[in-house]
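Undergrad: Using only what follows, build the 3D model:
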Amino acid sequence: MSTNIDRAELDYASGMKYKDIAEKYAVSINTVKSWKTRNKWVRKGVHTKSKSVHTKKEKVCTQNDDANLEDKVRKKIVESIADNDELTEKRKLFCLYFADCLNATQSYQNAFKVKRSTARVEGSKLLINPAIKAEIDRLKQIKYKSIMFKADDIVERQIRIAFSDMSDFIDVRVKESKVYVEGQVKLDKNGNPITVKYNDLLVKESSELDGAVISEVKTTKDGVSIKLKDSQKAFDWLTKYFEFNPLDKHKIAFDNAKLEIERKKAAAYEKEVENGLAEMMKKARERVINGQK
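TA: Coordinates of the predicted model:
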């Protein structure tokens, strides 16, 4: 195997295309590309330059994360299958394709370049082969474990979205300002400037913001507008997820966050009740005083 890789590297350095190299050594183009990446092949007289990339907002970042994960999984599978000396190149390709699409006919046709009628028969036969079956099972495990890591990332992100709060992104400060009338400071009866208090909203530094929970940020005539992702959708998603995965390691954090929300709601309700009772008592006292007069 290493001999083919060394020869392929010389072909690549001389300017041969991926497709031609793949055909010469009876491997897929993706395999050739993985050889090139892993062994850092360089064409003669070619110098690569880094390109500046301007990424868009959250949606693009999410797509890039998914693509990078898929590339890592594929690279890991390709690298591991290349080290299996028990199978021929074409049988390795068959295993690789099958781990991807789970279709024996299509996988055999892609690997062996034969007619579909032949692939339909021979593909099924290969699945019975113990060495082929063992290799496919091993590749599936690699893929499965990688998908599990991705699932953890999704759960964590959904938790952040479900329990995000606007106070995580803005600071509210009470400021005081003088009142002006026709360009002059308005004074009270004692000659002191009349002032009014107002809430000033300040967006936190970018390093303090969690971009995973923000769906939109835009400037307006009044400042900056921040729109968070739909927390209710994330909450519903998590509720259903934990119904089917009650032993998930994130469930405790989810339950604790729910309890904290309920505690805050209860405290706010008690405050409203207290304020309501206080207002009722105040009006009752006023009625008594007015009655006395």
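Undergrad: Now for Trp237, how many residues are close by?
TA: 17 (other CB atoms under 10 Å). Heads up, the C-betas are built off the backbone N, CA and C, glycines and all.
Undergrad: Could you count how many residues lie near the closest residue to it other than its chain neighbours?
TA: Take Trp237 and drop its neighbours on the chain: the residue closest to it by CB to CB, 6 or more residues apart in numbering is Gln158, 5.5 Å away. By other CB under 10 Å, 23 other residues sit near Gln158.
Undergrad: just checking, Gln158 touches Thr239?
TA: No: if you go by CB atoms under 8 Å, Gln158 and Thr239 don't touch, sitting 10.3 Å apart.
Undergrad: picking up where we left off before, where's the residue nearest to Trp237, which helix or strand?
TA: helix 130-162 (DSSP states H and E).
Undergrad: can you give me the helices for the stretch 101-250 of the chain?
TA: Assigned by DSSP state H, counting those that start in this stretch, the helices in the stretch 101-250 of the chain fall at 104-112, 116-128, 130-162, 231-244.
Undergrad: my guess is Ile261 meets Phe163, correct?
TA: Yes: taking contacts as CB under 8 Å, Ile261 lies within contact range of Phe163: 7.4 Å.
Undergrad: So for the two, which residue has more residues nearby?
TA: Phe163 (20 against 14).
Undergrad: which helix of the chain spans the most residues?
TA: Looking across the chain with DSSP state H, the single longest helix is helix 251-292.
Undergrad: elements contacting that helix?
TA: helix 130-162, helix 231-244 (3 or more CB pairs under 8 Å, 6 or more residues apart in numbering; DSSP states H and E).
Undergrad: Could you check the angle the shortest one makes with helix 251-292?
TA: Same thing as helix 231-244. Orientation of helix 231-244 against helix 251-292 (axes from the mean of the first three to the mean of the last three CA atoms, to 10 degrees) gives an angle of 130 degrees.
Undergrad: Buried ones in helix 231-244, by neighbour count?
TA: Ser231, Ala234, Phe235, Trp237, Leu238, Tyr241, Phe242 (16 or more other CB atoms under 10 Å).
Undergrad: contacting residues around it?
TA: Outside of helix 231-244, the residues within contact range by CB atoms under 8 Å, 6 or more residues apart in numbering are Val155, Gln158, Ile159, Ile161, Ala162, Phe163, Ser164, Asp248, Lys251, Phe254.
Undergrad: among those, which ones are buried?
TA: Of these, these count as buried by 16+ other CB under 10 Å: Val155, Gln158, Ile159, Ile161, Ala162, Phe163, Ser164, Asp248, Phe254.
Undergrad: residue contacts, the first one?
TA: Contacts for Val155 (CB under 8 Å, 6+ apart) come out as Leu238, Tyr241, Asp248, His250.
Undergrad: Arg120: neighbouring residues, count only.
TA: Neighbours of Arg120 using other CB under 10 Å come to 15.
Undergrad: Then the one 10 residues further on?
TA: Using other CB under 10 Å as the criterion, Pro130 is surrounded by 7 other residues.
Undergrad: Can you tell me how far it is from Glu86?
TA: Distance of Pro130 to Glu86, given as CB to CB, to the nearest Å: 10 Å.
Undergrad: Nearest to Ile29, out of the helices of the stretch 101-250 of the chain?
TA: Ile29 lies closest to helix 104-112 among these, at 11.1 Å (CB to CB).
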